[in-house]
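Asker: The sequence isn't on hand, but the structure is:
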């Protein structure tokens, strides 16, 4: 059986609705982050989350160097932030954090101040598969705020929900 072409697979994945979140990584001036639609709950007891991170991203080596991360879900008002963390217009590293207010969490990870939900995590395990790592995080703290909805990715575009 022939493998499914990757372009066909990624086009089909665009038909699925994914909640937009940013994963923040690094310390001090050595920070970056990425937009993910693959972050989700893994376990409630103990509280564990997972996210899939491309090993070619600028964030992946920072997760290895600094084994902690922030996971902040995005609301409709965070579209520009989603674009920044997606690297639109060549935005990289610390520039991705511009235009938003961040709070340093217990582990030192950065959480979006007005995120509908944000999780401060320590990396418990990274499982490499093909082009990505499944990053399992132990939740150390949670922040929530009032939100007017969620930002989702569907059909190749950011959409308010």
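Answerer: Thanks, I have it. Computed from a predicted structure; not experimentally measured.

Asker: which SS state does residue 84 fall under?
Answerer: Of the three states, residue 84 takes helix according to DSSP: H, G, I helix; E, B strand; the rest coil.

Asker: how close does the residue nearest to residue 56 when sequence neighbours are not counted get to residue 57?
Answerer: Nearest residue to residue 56 in three dimensions, chain neighbours excluded: residue 131, at 6.9 Å (CB to CB, 6 or more residues apart in numbering). C-betas here are computed from N, CA, C, even on glycine. Residue 131 sits 10 Å away from residue 57, going by CB to CB, to the nearest Å.

Asker: mind listing the strands for the chain?
Answerer: 18-19, 21-27, 30-36, 40-44, 47-54, 68-73, 102-104, 110-112, 117-129, 132-144, 151-154, 157-160 (DSSP state E).

Asker: how about CSV for these, with mean neighbour count and mean pLDDT added?
Answerer: Listed next are the strands of the chain as CSV, based on neighbours: other CB atoms under 10 Å; pLDDT from 0 to 100:
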stretch, mean neighbour count, mean pLDDT
strand 18-19, 17, 92
strand 21-27, 25, 97
strand 30-36, 21, 97
strand 40-44, 12, 96
strand 47-54, 18, 97
strand 68-73, 26, 98
strand 102-104, 15, 97
strand 110-112, 24, 98
strand 117-129, 18, 97
strand 132-144, 18, 97
strand 151-154, 19, 94
strand 157-160, 13, 92
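
Asker: Which of these sits closest to residue 91?
Answerer: strand 30-36 (10.3 Å; CB to CB).

Asker: Return the list of strands paired to that closest one, each annotated with direction.
Answerer: According to DSSP bridges, strand 30-36 forms sheet pairs with strand 21-27 (antiparallel).

Asker: related to what we said a few turns ago, compare neighbour counts for residue 131 and residue 57 and give me the winner.
Answerer: residue 57 (20 against 12; other CB atoms under 10 Å).

Asker: Distance-wise, check the nearest residue to that one once chain neighbours are set aside relative to residue 51.
Answerer: Computed as CB to CB, 6+ apart, the closest residue to residue 57 that is not its neighbour in sequence is residue 34, at 5.4 Å. Between residue 34 and residue 51 the computed distance is 9 Å (CB to CB).

Asker: what's the overlap in contacts for the two?
Answerer: Residues touching both residue 34 and residue 51 (CB atoms under 8 Å, 6 or more residues apart in numbering): residue 23.

Asker: what pairs with the closest residue to residue 78 other than its chain neighbours across the strands?
Answerer: Once flanking residues are discounted, residue 78 sits nearest to residue 151: 5.6 Å by CB to CB, 6+ apart. In this entry, residue 151 is beta-bridged to residue 160, by DSSP bridges.

Asker: I appreciate the help and will end here.
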